[in-house]
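Q: Okay, here's the prediction I keep looking at, along with the sequence it came from:
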Amino acid sequence: VAFVVCRSLEGLKTFSYLEELILDNNLLGNDLLLPRLPHLHTLTLNKNQISFRRNTCKILLDHLAEVVPSLQYLSLLGNMACPNELVCKEKDEDDYQRYRYFVLHKLTNLKFLDTRKVTRREREEAVVRGAFMKVVKPK
């Protein structure tokens, strides 16, 4: 287990057998770049600056799918990308569920997202509709 407080993740490439990584509260954004960590199964990015602006979250999720292929647990709580009451009082459970479908569409091996276990129904829904899920409400 590694606990890192940083803005640069450059040194992580020397830890290719790393299995768990906690990067909470580090002001990390959608431009986060991790080195290839093939054994990483747990990644927490809580309370950073990850958002759904434009396609940047999609790019981040595609990057994670490529560099951490064994990822099973991901937590994005406290980021604007994770639409729940922790971030914005205007968000509701439907917003959060759409976010889950989108993330699960991109990261198909996840067993847990945030604090919840991924259900079989969610996985099926993510395959069918996940690509079209955006957490946007009309004004």
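A: Received, thanks.

Q: low pLDDT regions in this structure?
A: By pLDDT under 70, the low-scoring segments of the chain are 1-8, 54, 85-87, 134-139.

Q: which stretches of it form helices?
A: Taking DSSP state H to define them, one finds helices in the chain at 56-67, 93-106, 120-129.

Q: so of these, which one's packed in deepest?
A: Of all the helices of the chain, helix 93-106 has the most neighbours on average by mean count of other CB atoms under 10 Å, namely a mean of 19. (C-beta placed from N, C-alpha, C; glycine too.)

Q: which residue ranges form the strands in the chain?
A: Listed from the start of the chain, the chain has strands (DSSP state E) covering 2-3, 20-22, 42-44, 73-75, 112-113, 116-117.

Q: Adding mean neighbour count, write those out as a markdown table.
A: Shown next, in a markdown table, are those (neighbours: other CB atoms under 10 Å):
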| stretch | mean neighbour count |
| --- | --- |
| strand 2-3 | 10 |
| strand 20-22 | 18 |
| strand 42-44 | 19 |
| strand 73-75 | 20 |
| strand 112-113 | 16 |
| strand 116-117 | 10 |
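
Q: Show me the one of these that comes nearest residue 83.
A: Closest to residue 83 of those is strand 112-113 (CB to CB; 12.8 Å).

Q: which residues touch the closest one?
A: 72-76, 100, 103-104, 118 (CB atoms under 8 Å, 6 or more residues apart in numbering).

Q: wait, which of those is closest to residue 89?
A: residue 76 (18.2 Å).

Q: measure residue 11 to residue 121 for me?
A: From residue 11 over to residue 121 the distance is 40 Å, taken as CB to CB, to the nearest Å.
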